[in-house]
Structure formats: structure tokens, C-alpha cells
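Trainee: Return atomic coordinates for the entry below.
(one chain, ligands or ions: 1)
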Amino acid sequence: MNFDSLGLAPELLRAVREQGYETPTPVQAQAIPILLQGRDLMAGAQTGTGKTAAFALPLLQRLASYANTSASPARHPIRALILTPTRELAMQVEESFRTYGKYIPLRSTTIFGGVNINAQIKALRNGVEILVATPGRLLDHQQQGNLRFDQLEILVLDEADRMLDMGFIRDIRKILALLPSKRQNILCSATFGGEIRTLAASLLNNPASVDVAARNAPTELVQHLVHPVDRDKKRALLSHLVRSKHMEQVLVFTRTKHGANKLSEQLEKDGISSTAIHGNKSQPQRIKALADFKGGNVRVLVATDIAARGLDISQLPYVVNYELHMWLRTTCTALAARAVPAWKARPSAWSASMK
Ligand code: AMP
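Mentor: Sure thing, here's the model as predicted:
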């Protein structure tokens with residue numbers, strides 16, 4: 001199986017080739033032909049499976065006939081809406097649209113909370129075909145009259161299970177009520193519990209389904225190590241491991257925002273560059289922290305699970321679960337570290353497995 005056999009346009013194949021992708025991942029191989037037909041889809045896939053390209057490539061192809069370089073906003077109505085649970089995921093998804101849509105003049109933008117709204121209003125006024133948004137800020141814009149969905153053709157709910165976990169169901173229902181009823185719907189979720197099924201039943205019209213959720217089974221892809229340690233020596237052990245094992249890019253999960261800040265400060269005192277990412281940080285701070293980490297300027301990124309879920313950091317070599325005792329329920333505390341060998345394994349898979 002290769003990308004050429006999926007029925008994708010040359011402009012998309014070129015962009016994919018430039019990314020160095022050689023073969024479609026399973027979710028791509030299965031989902032792309034279905035979505036190109038315009039069918040609704042329920043995709044059981046988590047971050048790390050290549051799910052973003054699985055919906056972004058066919059979506060770009062279906063909208064390619066509208067691509068134009070006119071400056072007129074009227075020529076760039078919203079055609080596709082992608083809802084994501086977090087700001088970071090929204091940014092990543094939109095970046096993917098830019099990457100894969102490099103040779104197709106369709107516009108995309110993100111709207112999410114925590115940053116000044118004016119730049120977003122300007123982008124919306126200029127016109128944009130592909131809008132990637134978190135639910136709350138989308139509704140703010142709707143209330144301000146900044147959005148029109150009458151030309152919308154495609155809706156994607158990305159990490160739908162996470163959106164429900166985060167209490168977005170009412171917002172999602174409000175948003176659905178704003179959209180034209182004739183449209184293509186794509187629902188991505190790593191899990192399919194009762195609430196997701198109810199949502200899927202009301203949202204999807206005769207959907208196809210693909211399920212690759214198990215692909216990321218962390219046990220197959222990563223090496224797990226557990227270091228039993230007294231609670232008060234945990235931080236010293238972490239510093240020691242980072243130094244002695246020459247760990248250059250380490251994502252550490254903590255349970256609380258306060259714990260994340262404190263650990264990051266302590267690591268800095270130990271001479272290890274570190275930054276924290278969690279829900280209390282402003283959006284620009286979160287963006288900077290992630291960029292510093294991805295760019296190699298910061299060695300240890302300490303994150304709460306909510307902030308880190310769905311982050312796609314390529315070749316992430318180490319993930320440490322600093323509060324493993326939460327689920328081990330043993331009397332000693334423990335640090336777990338593991339190497340992530342390839343693009344296939346992502347922190348979301350890891351953290352999910354540790355709950
Ligand atoms: P996602 O699951 O969409 O977050 O994608 C995870 C990572 O896989 C991203 O870094 C993509 O750039 C990468 N990726 C997606 N599709 C492929 C592919 N067919 N071959 C290699 N890497 C891919």
C-alpha cells in the first residue's frame with residue numbers, strides 16, 4: 001500500500017512526499033478512501049496513529065475545488081470546522097492542514113481561548129475555509145456575530161472522548177445546532193464509551209467506521225522502567241537520571257499544577273533547564289514552553305496530563321511519570337521512565353496507559 005493508490009490529488013501527494021511519509025498508516029489507508037467518497041466516519045484512533053492526516057488529506061481534497069487566491073472574504077467562507085479539546089491540539093491540527101495543503105490555496109486558522117480575540121476576529125473577517133477551534137472560544141465568536149456557517153460542508157470532532165471528559169458536551173451540542181444539517185461528519189476518539197456512542201448516533205449519518213485504537217499499545221513500542229524511591233528523594237533521583245543517562249528531551253507528568261511548577265523550579269536549581277506546562281499558564285506561555293521544548297532549548301518539560309494530552313512531539317525519547325504511586329497504590333513512590341522509539345508512540349498513549 002502506498003499513498004499513490006489512495007486516490008489523492010498530486011498537490012497532496014507532493015506535500016506528503018515532502019514530509020518523508022513513505023506508506024500510509026493503517027488509519028490513513030482505511031479512512032482516506034471512505035472520506036474521499038464523502039461518507040461520515042467514526043474513527044477509533046488516538047494521537048500518534050497518523051489520524052490528523054487521515055482526515056486532513058481527504059478534507060483538503062474535497063475542498064480543493066473552492067481553492068482561490070482572491071482577496072475577497074466572500075470567496076473564503078468557512079467550509080470545514082475541526083473542533084478539538086485543547087488549544088495545543090488545535091494548533092497542531094492547523095499546522096498539519098498548512099503542511100498538507102501547501103500546494104492548495106485554501107486558508108486555515110485557529111481560534112481558541114486564552115489569547116487576545118482581536119487577531120482571531122481579523123482572520124475570520126478576512127475569510128477562512130478551514131477553521132480549527134476549541135468549543136468555548138468558538139461560541140464566544142458566535143455570540144459576537146463573527147461566524148457564519150451557511151457554507152459549511154465538513155465537521156470533524158477530534159479527540160471527541162476528551163472533549164466529553166472535559167465537559168464540552170453542551171457546547172458541542174450548541175455548535176452542532178448552528179451548522180447546516182447536510183454535511184460530512186467525522187468523529188475521532190480513542191475510546192467508545194456510552195456517551196460517545198450517544199453523540200455518534202445523533203451526529204453521524206450511516207457512518208463507516210475504522211478502528212486502530214489498539215495500534216499504539218505502549219507495551220509493544222516502548223521500554224518501561226520503574227525506579228522505586230522514597231518520596232523525598234524522587235526529585236534527586238530524577239535529576240540524577242537526567243544527568244547520568246544524558247536524557248536530553250524528557251517529558252515529565254505530574255498530577256497537579258502546583259507540583260509541576262515546583263518540580264520545574266527544583267530542576268532548574270539542580271542546573272537542568274526545565275519549564276512547566278499546565279492549565280494555569282497563559283496561552284502564550286504554553287506555546288513558548290512547548291516551542292522551547294521541541295526546539296531543544298529546554299531539557300525537561302513538566303506537564304499535567306490535561307495540558308500534555310495529545311501533544312505530538314516527534315521522536316520523544318523519554319517520558320517520566322512522576323506520580324506513579326497514584327495508581328500503583330504501593331507504599332513507596334516510584335518514577336517510571338521509558339524510551340519512545342519512533343513517531344508511533346506518543347505521550348497521550350503513555351499517559352492513558354498509566355491511569
Ligand atoms: P497524529 O496521530 O495525527 O498526531 O500524527 C502523529 C505523527 O505521525 C505526526 O508527527 C505525523 O507527522 C506523523 N505521520 C502521519 N502520517 C505519517 C505517515 N504516513 N508516515 C510517517 N509519519 C506520519
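Trainee: Quick one: check stretch 37-45 for contact with the ligand.
Mentor: No: applying Cβ under 6 Å from any ligand atom, one finds stretch 37-45 separated from the ligand by no less than 7.0 Å. C-beta coordinates here come from the backbone N, C-alpha and C atoms, glycine included.
Trainee: Distance of the residue positioned nearest the centre of the chain relative to residue 19?
Mentor: When Cα atoms, centre = their mean is applied to the chain, the residue found nearest the centroid is residue 89 (3.3 Å). Computed as Cβ to Cβ, to the nearest Å, the residue 89 to residue 19 distance reads 19 Å.
Trainee: Check residue 202 too.
Mentor: Relative to residue 19, and taking Cβ to Cβ, residue 202 is found at 36 Å.
Trainee: out of the two, which sits in the busier spot?
Mentor: Relative neighbour count places residue 19 above the other of residue 202 and residue 19, with 12 against 9, counting by other Cβ atoms under 10 Å.
Trainee: Leaving out chain neighbours, which residue sits closest to that one?
Mentor: The spatial neighbour of residue 19 that comes closest, neighbours along the chain excluded (Cβ to Cβ, 6 or more residues apart in numbering), is residue 99 at 6.5 Å.
Trainee: same thing with residue 142?
Mentor: Leaving aside its chain neighbours, residue 142 sits nearest to residue 178 (6.3 Å; criterion: Cβ to Cβ, 6+ apart).
Trainee: thought that neighbour was touching residue 150?
Mentor: No: taking contacts as Cβ atoms under 8 Å, residue 178 lies outside contact range of residue 150: 9.8 Å.
Trainee: Name the residue in the two with the higher neighbour count.
Mentor: Residue environment comparison for residue 178 versus residue 150 gives the larger neighbour count to residue 178, 15 against 9, counting by other Cβ under 10 Å.
Trainee: show me what contacts the more buried one?
Mentor: In this structure, residue 178 makes contact with 142, 147, 149, judged by Cβ atoms under 8 Å, 6 or more residues apart in numbering.
Trainee: any chance of the residues you listed in a markdown table, plus pLDDT and neighbour count?
Mentor: Conversion of those to a markdown table gives the following (pLDDT from 0 to 100; neighbours: other Cβ atoms under 10 Å):
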| residue | pLDDT | neighbour count |
| --- | --- | --- |
| 142 | 97 | 15 |
| 147 | 96 | 20 |
| 149 | 98 | 18 |
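Trainee: just checking, which of the residues you listed belong to strands?
Mentor: Among the contacts of residue 178, no member is found in strands (DSSP state E).
Trainee: The residue nearest to the centre of the chain belongs to a strand?
Mentor: No: going by DSSP: H, G, I helix; E, B strand; the rest coil, the assignment for residue 89 is helix, not a strand.
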